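Below are the sequence and a predicted model for it; my questions follow.
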Amino acid sequence: MPLTKLRNIGIAAHIDAGKTTVTERILFYTGINRKIGEVHDGAATMDFMKQEQERGITIASAAISAEWKSHQVNIIDTPGHVDFTIEVERSLRVIDGMVAVFCAVSGVEPQSETVWNQGDRYRVPRIAFVNKMDRGGANMQEVILQMNKYLDAHAIALQIPIGAEDDFSGIVDVIEGKAYTFNENDHRSEIEIPEEFKEQSAIARDTIIEAISDFDDDIMELFLEEKEIPNDLLKKVVREATLKLMITPVFCGSAYKNKGVQLLLDAVLDYLPSPIDIGATVGTEVDDEEKTLTRNPSNSSPFAALAFKLINDPYVGQQTFVRIFSGSIKSGMSIFNSSKGKKERVGRIFRIKAKDREEIKEAGAGEIVALIGMKSTKTGDTLCDPDNRLLLETIHVPPSVIEVKVSPANRNEQGKLGEALAKLSNEDPSFNAHFDEETNETIASGMGELHLEIIMDRIKDEFKVDVIVGEPAVALRETMLTERENKHRHSKQSGGKGQFAETLIRFEPNPGKGFEFVDKIKGGRIPGEFIPSVEKGLKAAMERGILAGFPIVDIKAVLIDGGFHPVDSSDRAFQTCASICFKEAFLKGKPVLLEPTMKIEINTPDDYIGNVVGDFNKRRGKVESMRRHRKGAQKINGFVPLMEMFGYATTLRNISSGRANYSMEFEDYRQVTAAVQEKVLKEIEEKKREEKK
């Protein structure tokens, strides 16, 4: 199949906007499914994990290949819950186009904004589908206004609904000047545009022409001369403007009622890009990030692909999902992981159809497939031709913000638990687990309470290990506020070869930029082979923490000077020296604790606004804005420390008689107040005293 007939698309939205239902209808109409699976019945094809079926939500992104009108459409259905935002992040990194689904009643919601911003990060062209037009309160025009106001989407309606709520019966195609009505199976009947919608349709067409006339001289000329613009020309320019992210075409329907899904599929082919439209992929040289390299989307180009997801399959072992940007691969072929600097051998290749798979012998540019046999490859790694190496842009992984202590119910299963945690953290980069040697405890950390709850469920179901899980706690961080320079000499003699190292390091606050190491050693004051040892020692000290045992972040370390001994200096000596040098400077540099701060949106009826805001303020929350959500209801936007939000769902339900709801996502790490820091440090001291008894 030519690449012009290939579409790699993602379907993304806020939770409950209807993404998975839209995907299920697409699979039905493309012939993948003979019957429609419903999310609420736990029978959706794309929600095949036990945890997804029990909760009626999408947890892991699922990939599937379908065909529509002689085109191959690879679809990735992504989660809407903020705890699984890494699934959206990695999916958007490898798709070419996106269908953003909005609820016709709720409009733009918090996760809608998150998904949209992720799409902006990777410059993904997108179209929008306003779903649930049959629901009470549905208003497509209001959703478009919100998209333009809150997402800067340049949203333009290419369809208008015939009726809304219970009266939603059809759709007008504004460009083609046709109308369609639907029966229960989306069998559409083409009709004349009803008389009462002709004026609205004409206005909508003029809006499209005005919006795109700046992008095309032919349309501008016809527009100024008030001449009729051919439909083909209009569609062509709308497509071009969409691919350049200048506009977002908007379509509508009701996926659950089987209305408008086939027209949406037509729009995917008409307006979303093929790999050819996206053009060459840009990477960098392995040894020089300043030098860029390009790979054209063609089977004749050198092989280049990005691993974006790992799954442990009980039948075939680890599946590594890759997007092939250029070249082709065959079973048994040797390839190179340039992120790890290691060779890999392709075992088997699968084209994935949700939980089912079809083995193929080779795969080419533009395809999304799963590879079996990858030993070193992780999420975000670049795979390439061994003779034409490059590095592709990796995948942004948000920091984990909540942690729990985990132990096996049966002590003999500690090894099995460790193996399960290692496999799960391999699959999901936003989940981490480590063993604290000081307390002899295993700590698991993730994106939220639901995220960790799902992980613990999977340990029990998939790995057959019963676990005891402690109370969730916030994953704090440490940093320093003032610059400090420190010199330390590490000298130890205990018979035989001694240890000697000397370092002079300046430590500076590095807000939001993580750890940075700068080597300014001159004249061989520290031999080159020991410079990495200094960096290694600093990183080890930062991982363990100094003030209260939490990881240290946002520090710039400048190695200025030092000394060595020709016999007694070693890798270990310089690691130890750098670690102590840092500890001494850190404690004098105004050390503080940082806490994860969440961006929150609360929807509440007007009657409860006072109660909700009052409670929010008590939680150290800061209201940033309030806006009218719909008649009689408001949206409160703000920021709040995560440690104040445990049990919030129950409180909000109680103070609003169950009528308010909220959604929150990680924003950044911020300094705790002096009172909170004192309280946390005191609790840690008391805990240590208890453990010593």
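Sure, I can see it.

From now on I want contacts and neighbour counts done on CA atoms only, so please keep to that.
Will do.

residue ranges with poor pLDDT in this structure?
For the chain, applying pLDDT under 70 flags the ranges 32-63, 77-88, 110, 184-186, 314, 353-356, 437-439, 494-496, 629-630, 691-693.

Grab the CA positions of stretch 304-320 and hand them over as CSV.
Provided in CSV are the C-alpha atoms of stretch 304-320 (Å, rounded to 0.1, in the frame of the first residue of the first chain):
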residue,chain,number,x,y,z
ALA,A,304,15.1,4.5,11.8
ALA,A,305,12.4,3.9,14.4
LEU,A,306,11.4,4.9,17.9
ALA,A,307,10.4,2.5,20.7
PHE,A,308,7.4,4.0,22.4
LYS,A,309,5.8,1.2,24.5
LEU,A,310,6.7,-2.1,26.1
ILE,A,311,4.3,-4.8,27.1
ASN,A,312,5.0,-8.1,28.8
ASP,A,313,2.8,-10.7,27.0
PRO,A,314,2.4,-14.0,28.7
TYR,A,315,2.5,-15.9,25.4
VAL,A,316,5.3,-14.2,23.3
GLY,A,317,7.3,-12.4,26.0
GLN,A,318,8.2,-8.7,25.8
GLN,A,319,6.6,-6.8,23.0
THR,A,320,8.4,-3.6,22.0
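
quick one: buried residues of that stretch?
304, 305, 306, 307, 308, 309, 310, 311, 318, 319, 320 (16 or more other C-alpha atoms under 10 Å).

And for stretch 220-232?
Buried residues in stretch 220-232 (16+ other C-alpha under 10 Å): 220, 223, 229.

One more: stretch 466-482?
So for stretch 466-482, counting by 16+ other C-alpha under 10 Å, buried means 466-467, 469, 472-481.

Max pairwise distance over those residues: which two?
The two members of these with the most space between them (C-alpha to C-alpha) are 466 and 481, at 43.2 Å.

hang on, the earlier thing: of the buried residues of stretch 220-232, just say which sits nearest to residue 163.
Out of the buried residues of stretch 220-232, the member with the shortest distance to residue 163 (by C-alpha to C-alpha) is residue 229, at 27.6 Å.

Name the SS class of residue 486, please.
strand (DSSP: H, G, I helix; E, B strand; the rest coil).

Was I right to think it contacts residue 508?
No. Using C-alpha atoms under 8 Å, residue 486 makes no contact with residue 508, being 11.4 Å away.

Between these two, tell me which one has more neighbours.
Taking neighbours as other C-alpha atoms under 10 Å, residue 486 and residue 508 compare with residue 508 leading, 21 against 17.

what sits opposite that one in the beta ladder?
Residue 508 has the following beta-bridge partners by DSSP bridges: residue 556.

Going forward, the N-terminal residue is numbered 46.
Okay, using 46 as the starting number, the last item reads as residue 553.

I'd say residue 717 and residue 642 touch.
No. In this structure residue 717 lies outside contact range of residue 642 using C-alpha under 8 Å: 9.8 Å.

between those two, which one's more packed in?
Each of residue 717 and residue 642 has its neighbours counted (other C-alpha under 10 Å); residue 642 has more, 23 against 18.

next one: phi and psi at that one?
phi -110, psi 140 (degrees, to the nearest 10).

Pretty sure it sits against residue 714.
Yes. Residue 642 sits in contact with residue 714 when judged by C-alpha under 8 Å, with a separation of 5.7 Å.

re earlier: now render the buried residues of stretch 349-365 as JSON lines, adding distance to residue 393 and secondary structure.
Formatted as JSON lines, these follow (distance: C-alpha to C-alpha, whole Å; DSSP: H, G, I helix; E, B strand; the rest coil):
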{"residue": "349", "distance to residue 393": "18", "secondary structure": "strand"}
{"residue": "350", "distance to residue 393": "16", "secondary structure": "strand"}
{"residue": "351", "distance to residue 393": "17", "secondary structure": "strand"}
{"residue": "352", "distance to residue 393": "15", "secondary structure": "strand"}
{"residue": "353", "distance to residue 393": "17", "secondary structure": "strand"}
{"residue": "354", "distance to residue 393": "16", "secondary structure": "strand"}
{"residue": "355", "distance to residue 393": "15", "secondary structure": "strand"}
{"residue": "356", "distance to residue 393": "15", "secondary structure": "strand"}
{"residue": "363", "distance to residue 393": "11", "secondary structure": "strand"}
{"residue": "364", "distance to residue 393": "10", "secondary structure": "strand"}
{"residue": "365", "distance to residue 393": "11", "secondary structure": "strand"}
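
Would you convert these into JSON lines that also reports distance to residue 471?
Formatted as JSON lines, the buried residues of stretch 349-365 follow (distance: C-alpha to C-alpha, whole Å):
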{"residue": "349", "distance to residue 471": "22"}
{"residue": "350", "distance to residue 471": "19"}
{"residue": "351", "distance to residue 471": "16"}
{"residue": "352", "distance to residue 471": "12"}
{"residue": "353", "distance to residue 471": "12"}
{"residue": "354", "distance to residue 471": "9"}
{"residue": "355", "distance to residue 471": "7"}
{"residue": "356", "distance to residue 471": "9"}
{"residue": "363", "distance to residue 471": "10"}
{"residue": "364", "distance to residue 471": "11"}
{"residue": "365", "distance to residue 471": "11"}
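
partner residues bridging residue 489?
Legend: beta-bridge partners of residue 489 under DSSP bridges are residue 449, residue 478.

quick one: contacts for residue 389?
379, 380, 381, 382, 418, 419, 420, 421 (C-alpha atoms under 8 Å, 6 or more residues apart in numbering).

Closest one to residue 194 out of the residues you listed, please.
residue 382 (43.1 Å).

could you check the distance from that closest one over to residue 369?
From residue 382 across to residue 369, the span is 14 Å (C-alpha to C-alpha, to the nearest Å).

again with residue 514
40 Å.

and if you look at residue 468?
For residue 468, the distance to residue 369 - C-alpha to C-alpha - is 24 Å.

Look at these two and report which has more neighbours.
Using other C-alpha under 10 Å, the more surrounded residue of residue 468 and residue 369 is residue 369, with 26 against 15.

contacting residues around the closest residue to the more buried one other than its chain neighbours?
Closest residue in space to residue 369, ignoring its immediate chain neighbours: residue 350 at 4.3 Å, by C-alpha to C-alpha, 6 or more residues apart in numbering. The contact partners of residue 350, taken as C-alpha under 8 Å, 6+ apart, are 367, 368, 369, 370, 371, 427, 428, 429.

can I assume residue 255 sits in a helix?
Yes. Under three-state DSSP, residue 255 sits within a helix.

Near it, how many residues? Count them for me, please.
Count around residue 255 with other C-alpha under 10 Å applied: 14.

how much space is there between it and residue 187?
Applying C-alpha to C-alpha to residue 255 and residue 187 gives a distance of 20 Å.

Can you tell me the SS state at the closest residue to residue 684 other than its chain neighbours?
Spatial nearest neighbour of residue 684, excluding adjacent residues (C-alpha to C-alpha, 6+ apart): residue 644 at 4.7 Å. Secondary structure, three-state DSSP: residue 644 is strand.

Now do the same contact list for residue 644.
Counting by C-alpha under 8 Å, 6+ apart, residue 644 has contacts 682, 683, 684, 685, 709, 710, 711, 712.

so which of the residues you listed would you say is closest to residue 177?
Closest approach to residue 177 among the contacts of residue 644 (C-alpha to C-alpha): residue 709, at 23.4 Å.

nearest residue to that closest one other than its sequence neighbours?
That would be residue 645: by C-alpha to C-alpha, 6+ apart, it lies 4.2 Å from residue 709.

With residue 446 instead?
residue 520 is the one closest to residue 446 (C-alpha to C-alpha, 6+ apart), at 4.9 Å.

repeat for residue 181
In space, and not counting its chain neighbours, residue 181 is closest to residue 210: 5.0 Å by C-alpha to C-alpha, 6+ apart.

Could you count how many residues lie near the one you found?
16.
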